[in-house]
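Enquirer: Got a sequence here, can you build the structure:
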Amino acid sequence: MWSQESKTLRRDADGATPGDTPSSSFHEPDHVRSHMISAPTTPGATASLSLAQAVERSLTGSQLLSAADLFAFAADAYGGTLAEAAFTPRDAYDAAELGLHLHLLHTIGRLPAEPDAARDTLAEVERLSALLPSQTRRTAEQNDYQQFSTPAAYAGLCAWVSGVGARGDRVLEPSAGTGALCTFALASGATVHANELSDRRADLLAVLLEEAGQDPDQTLTRENADHLDAILPPSVRADVVLLNPPFSQTAGRLGRRRVVTVGTDHVLQTLRRLDPGGRLVAVLLAVRAGRTDLSDDYHGYASCPLVTGYGRLILAEFDYDGNVDSSFPFDTSKERYSMYVLKKDLLPNLYWHGMLQGRA
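Expert: Okay, the predicted model is just below:
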């Protein structure tokens, strides 16, 4: 049984984070070295590593990190505050994710094959993830490159489904981000080749790979996964592919257009590197019922309810180019009582009692 207690973070004057040793049955896998991370070569990467290590220490003590705590740690690591532009929210969030992944790498080992035991382990992963603050701030780079990391427990489930764990397994992760999927493969003893286009995130991946005993110079590439099969050395082959590709945007090249075939393009690239008998687990957009094609584009539909008076509302619906894009069989650009009811009663109920409860 693991302790479910979470402690509010307290920081000493020197930045240390006191806390009791957590009650946990996790242990450091034999193939993972004991906290001997080489220092990165660039100042930004060095600061990110310092922040990640601070987050890892807080997780080891089961301490709850607020957003203010994380940004305070980041200010210490980067030598300046968020307001002073010493770092971005994405810098802090990505380093925090690395801290979580390092902690899991040091403690989790191979996921149990038995479903109930695997579920218990992933419940602990979810508990640890919940100690980190929610990522409420986005950057332009994150949106343009769709840098939305796989939640750690979900990444663990993908790894468990793939059956990764044999010491001889070769794993390919073509859009690795900060390494959520890689972490569980590395913790199981597999050899991982990670690819990540963002240099900032690739620097974090290099730390994770090195900590697992791999040479990032040999097992980390920084390429656009759209054309990965044509770029990777012929020697890079896989028994297991784990990926959570961008769903509708590729390397920031599509502007504001969203094309839902991007994810499947990444899958097709990695399938060419998968040896016979291999396994691929991918996080992809669900196909709508009765649909087999994924050819539709997302043109940026948005709506803006404009209350013009009591019981009157105009629902402005438009696309990226400002063209009217109505989702109703009548003109919503005219004042209507029905749209007022939609705004006042229906949408709040849908949000609070549907979407937030996972029912819509």
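
Enquirer: Poorly predicted segments of this protein, please.
Expert: Low-confidence segments of the chain (pLDDT under 70): 1-43, 139-147, 166-167, 247-263, 285-300, 355-360.

Enquirer: those strands in it, which residues are they?
Expert: Assignment of strands within the chain using DSSP state E yields the ranges 7-8, 63-64, 170-173, 191-195, 220-221, 238-243, 258-259, 274-282, 297-298, 302-309, 312-318.

Enquirer: And the longest one, what's buried?
Expert: Neighbour-count burial for strand 274-282, with 16 or more other Cβ atoms under 10 Å as criterion, is recorded at 274, 278-282. In this view, the C-beta of every residue, glycine as well, is placed from N, C-alpha and C.

Enquirer: Could you list the paired strands of it along with their orientation?
Expert: Strand pairing for strand 274-282, using DSSP bridges, gives strand 238-243 (parallel).

Enquirer: Skipping its backbone neighbours, what lies nearest residue 98 in space?
Expert: Nearest residue to residue 98 in three dimensions, chain neighbours excluded: residue 52, at 4.0 Å (Cβ to Cβ, 6 or more residues apart in numbering).

Enquirer: Tell me which of the strands of the chain approaches residue 131 most closely.
Expert: Of all these, it is strand 63-64 that lies closest to residue 131, at 5.3 Å by Cβ to Cβ.

Enquirer: quick one on the thing from earlier: now the residue nearest to residue 98: how far from residue 92?
Expert: 10 Å (Cβ to Cβ, to the nearest Å).

Enquirer: Run a quick neighbour tally on residue 181.
Expert: Number of residues near residue 181 (other Cβ atoms under 10 Å) recorded here: 31.

Enquirer: how about the closest residue to residue 272 other than its chain neighbours, what does it touch?
Expert: Spatially, and ignoring its direct neighbours in sequence, residue 272 is nearest to residue 229 (4.3 Å; Cβ to Cβ, 6+ apart). By Cβ atoms under 8 Å, 6 or more residues apart in numbering, residue 229 lies in contact with 269-270, 272-273.

Enquirer: same thing but at 10 Å, please
Expert: By Cβ atoms under 10 Å, 6 or more residues apart in numbering, the contact set of residue 229 is 174, 236, 268-273.

Enquirer: roughly how far apart are it and residue 314?
Expert: Distance from residue 229 to residue 314, counting by Cβ to Cβ: 50 Å.

Enquirer: Just give me the neighbour total for the closest residue to residue 275 other than its chain neighbours.
Expert: Spatial nearest neighbour of residue 275, chain neighbours left out: residue 237 (5.4 Å); criterion: Cβ to Cβ, 6+ apart. Counted with other Cβ under 10 Å, residues neighbouring residue 237 total 15.

Enquirer: my guess is residue 178 contacts residue 244, does it?
Expert: No - Residue 178 lies out of contact with residue 244 (Cβ atoms under 10 Å); the separation is 11.4 Å.

Enquirer: Give me the common contacts of the two.
Expert: Both residue 178 and residue 244 are contacted by 149-150, under the criterion Cβ under 10 Å, 6+ apart.

Enquirer: ok, those two, which is more surrounded?
Expert: residue 178 (29 against 26).

Enquirer: Please tell me how far the closest residue to that one other than its chain neighbours sits from residue 283.
Expert: Of all residues not flanking residue 178 in the chain, residue 97 sits nearest, at 4.2 Å (Cβ to Cβ, 6+ apart). To residue 283, residue 97 is 16 Å away according to Cβ to Cβ.

Enquirer: Between those two, point out the one with more neighbours.
Expert: The neighbour comparison of residue 97 against residue 283 (other Cβ under 10 Å) goes to residue 97, with 26 against 16.

Enquirer: List the contacts of the more buried one.
Expert: When contacts are counted by Cβ under 10 Å, 6+ apart, residue 97 is found next to 52, 55, 129, 132, 135, 149-152, 177-180, 183, 201, 204.

Enquirer: go on, residue 163?
Expert: By Cβ under 10 Å, 6+ apart, the contact list for residue 163 reads 111, 113, 169, 188, 239-240, 279, 281.

Enquirer: In PyMOL, select just the buried ones from those residues.
Expert: What follows is the PyMOL syntax selecting those of the contacts of residue 163 that are buried according to 16+ other Cβ under 10 Å:
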select buried, resi 111+169+188+239+240+279+281
